[in-house]
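K.L.:
Here is the input, now give the coordinates:
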Amino acid sequence: MKEYLQFINGEWVGAADGGSRESLNPFNGEVVARYPWAGSADADAAIQAARRAFDGGWGNSSPAERAKLLNAVAAELSKRKDDFARLETEDSGSILRKSLNDVGQSVVFLRHFARLAEEYPWEEHTRVIEKPVLSANMTVREPLGVCAQIIPWNYPLMMAVWKLAPAIAAGNTVALKAAPDTPCSAFELAKIFESCGCPPGVVNVICGGAEAGEAMVKHPLADKAAFTGSTAVGRRVMELASGTIKRVTLELGGKSAAIVLPDADLRQTVDGVLFGAFYHAGQSCESGTRALVHESVMEPFLARLRKQVESIRIGDPASRDIDMGPLISRRQQERVLGYIETGKAEGAKLLCGGGVPGGDLFARGCFVSPTVFHGVKNSMTIAREEIFGPVLCVIPFRDEQEAIAIANDSSYGLAGTVWTRDNRKALKIARAIRAGMVWINDHHLLHPDFPFGGYKQSGLGREFGRWSMDAYTEVKHIHMSLDNGREKKPWYDILVRDSGGE
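P.N.:
Below is the predicted model of the structure:
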């Protein structure tokens, strides 16, 4: 079992009230780590440390200095790839192949934002304007200040990197709250920042519940709140941030639709739909949990789908031969099983799955079999609410317009997919889907240069690329008068005359 302390102002300290919690391996229930349980006092200490670090110099650090730090962290993380992957698998139940990919992608994103720190247009749009006075005008980008960041449990390391890297690249300081179920990666990442010479207070990492999170978000010394998690908690973050008019970035829930057109290659499509729905046991906000299938291909689609689901290998996530591991916790397992019972009660037809796999191995862990419902109506609970587990709803449609209407008939708008051989038609449908990310004949693949985020109740703002840097900076307009030889007059005379007024 690992023992952690929280990282505040460059020091490793316990919780202010001495409290602690344990994280459990969702595969076998064993204790992975013990860590301090942060409360409002710890949140305050983290924000205060970040404020001092920003005002004390980091806010004026050079892009080259920030890039150097992020590149150093990336290099060290790359060296420890196997260690991080094993820890991530123990702490979160993520299959080892996914964990290795997550660490690799985290290195890519750190290097990406290191490059952006130096390439981002910190000064741009310089123009000389003649009226109402001759002047030079420019816009400059500056760091926001202190960022309160809260991450979820489904991608512990990647979410920490996605929050920390752009904030640091933009010259901000951070108080990061890791998810209670999966704190280990964030604490280990803090160790790397420390070893790479990160100045005290620039990065602070704690782990706690609602008390700590709310204290961070509403703190008067924090300039921005960034949250990834459920839509319900996102509403609370938005409410608390409004008290001090903070900038807010929210990456929230989803109920993404995969539209399967009649001409789709069913072999590729079925595999892609299953990948979209069951990757990481369905515990991804952008999971394609609604498969909208044209009625003309429904029968062969379901036949192949059932066959492929039955071939999914479930078991110990530490094994490289496993396709799906457990859910994050017993609580989440019970929640998903409850939705499955609701689906049955509302008249959805169970194609496969629907419970816990048999055997002692699965009884010890938080497993749910990959589950597919068909004959689903979009009005059913399982088609409208985010389940966050391996549950796929198959819904028939008659034509493209109906498919688009069903896809958009959701309070969410995070992602979607279109499966077809006709690229022109796919692009037309992709534009019609009200979502922030649409894949064509693919799913889950993200690129650091392109934005990720949602429409409607799936969130506010975008992450990755230039869009992340914009979200972590303020824009300032600087006007410099060049008409130094002009006779000075009252400002209102100048404005009235030069604007054409009477």
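
K.L.:
Only C-alpha atoms from now on, for both contacts and neighbour counts.
P.N.:
Fine.

K.L.:
what's near enough to touch Phe27?
P.N.:
Shown in contact with Phe27 (C-alpha atoms under 8 Å, 6 or more residues apart in numbering): Glu90, Gly93, Asp316, Pro317, Gly325, Pro326, Arg364, Gly365, Cys366, Phe367.

K.L.:
so what pLDDT did the third one get?
P.N.:
In other words, Asp316. Asp316 carries a pLDDT value of 97.

K.L.:
Glu118 versus that one, what's the distance?
P.N.:
Distance of Asp316 to Glu118, given as C-alpha to C-alpha, to the nearest Å: 43 Å.

K.L.:
can you list the weak-confidence ranges in the stretch 201-350 of the chain?
P.N.:
Regions of the stretch 201-350 of the chain meeting the criterion pLDDT under 70 are absent.

K.L.:
which residues of it fall in strands?
P.N.:
With DSSP state E, counting those that start in this stretch, the ranges of strands along the stretch 201-350 of the chain come out as 203-207, 224-228, 247-251, 257-260, 290-294, 349-352.

K.L.:
quick one: contacts of the last one?
P.N.:
Counting by C-alpha under 8 Å, 6+ apart, strand 349-352 makes contact with Arg306, Val309, Lys344, Pro370, Thr371, Val372, Phe373, His374, Gly375, Val376, all of which sit outside it.

K.L.:
quick one, what contacts the fourth one?
P.N.:
It stands for Pro370. Going by C-alpha under 8 Å, 6+ apart, Pro370 touches Phe278, Ala281, Val309, Cys352, Gly353, Gly354, Pro390, Val391.

K.L.:
and of these, the nearest to Arg21?
P.N.:
Ala281 (25.4 Å; C-alpha to C-alpha).

K.L.:
Correct me if wrong: that closest one contacts Pro390.
P.N.:
Yes. Using C-alpha atoms under 8 Å, Ala281 is in contact with Pro390, at 4.9 Å.

K.L.:
what about the helices in the stretch 251-400 of the chain?
P.N.:
Listed in chain order, the helices of the stretch 251-400 of the chain (DSSP state H, counting those that start in this stretch) span 266-278, 298-310, 330-345, 360-364, 381-384, 400-408.

K.L.:
the more surrounded of Asp316 and Glu118?
P.N.:
The neighbour comparison of Asp316 against Glu118 (other C-alpha atoms under 10 Å) goes to Asp316, with 24 against 17.

K.L.:
quick revisit: and Leu460, which of the strands of the stretch 201-350 of the chain is closest to it?
P.N.:
Closest to Leu460 of the strands of the stretch 201-350 of the chain, according to C-alpha to C-alpha: strand 247-251, at 4.9 Å.

K.L.:
That closest one: partners in the sheet, and parallel or antiparallel?
P.N.:
strand 224-228 (parallel), strand 459-460 (antiparallel) (DSSP bridges).

K.L.:
could I get the next helix or strand after the last one in CSV with only the CA atoms?
P.N.:
Yep, that's strand 459-460 we're talking about. Counting by DSSP states H and E, the next helix or strand C-terminal to strand 459-460 is helix 465-471. Output of helix 465-471 as CSV, limited to C-alpha atoms (Å, rounded to 0.1, in the frame of the first residue of the first chain):
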residue,chain,number,x,y,z
GLY,A,465,-4.8,23.4,-28.7
ARG,A,466,-5.2,27.1,-29.2
TRP,A,467,-8.7,26.8,-27.6
SER,A,468,-7.2,25.7,-24.2
MET,A,469,-4.7,28.6,-24.3
ASP,A,470,-7.5,31.0,-25.0
ALA,A,471,-9.4,29.6,-22.0
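
K.L.:
Average pLDDT for helix 465-471, rounded please.
P.N.:
Confidence over helix 465-471 (mean pLDDT, whole number) is 96.

K.L.:
How about stretch 405-424?
P.N.:
For stretch 405-424, mean pLDDT rounds to 98.

K.L.:
do stretch 440-455 as well
P.N.:
Averaging pLDDT along stretch 440-455 yields 96.

K.L.:
distance between the ends of it?
P.N.:
18 Å.

K.L.:
Same question for stretch 314-325.
P.N.:
One end of stretch 314-325 sits 6 Å from the other (C-alpha to C-alpha).

K.L.:
Equivalent analysis for stretch 436-446, please.
P.N.:
OK, stretch 436-446 end separation, C-alpha to C-alpha: 12 Å.

K.L.:
what comes up buried for that stretch?
P.N.:
For stretch 436-446, burial by neighbour count (16 or more other C-alpha atoms under 10 Å) applies to Gly436, Met437, Val438, Trp439, Ile440, Asn441, Asp442, His443, His444.

K.L.:
Now the two most distant members of the residues you listed.
P.N.:
Pairwise distances across the buried residues of stretch 436-446 (C-alpha to C-alpha) peak at 16.5 Å, for the pair Gly436 and Asn441.

K.L.:
which residues sit against the biggest helix by length in the chain?
P.N.:
What stands out as the longest helix in the chain, according to DSSP state H, is helix 96-119. Applying C-alpha under 8 Å, 6+ apart, the external contacts of helix 96-119 come out as 63-64, 66-71, 73-75, 77-78, 81-82, 84-86, 88-89, 155, 157-158, 161-162, 165-166, 169-170, 280, 317-320, 448, 465-466.

K.L.:
Among the residues you listed, which lie within helices?
P.N.:
63-64, 66-71, 73-75, 77-78, 81-82, 84-86, 88-89, 157-158, 161-162, 165-166, 169, 465-466.

K.L.:
Name only those of those that count as buried.
P.N.:
Buried members of the ones in helices among the contacts of helix 96-119, scored by 16+ other C-alpha under 10 Å, are 63, 66-71, 73-75, 77-78, 81-82, 84-86, 88-89, 157-158, 161-162, 165-166, 169, 465-466.
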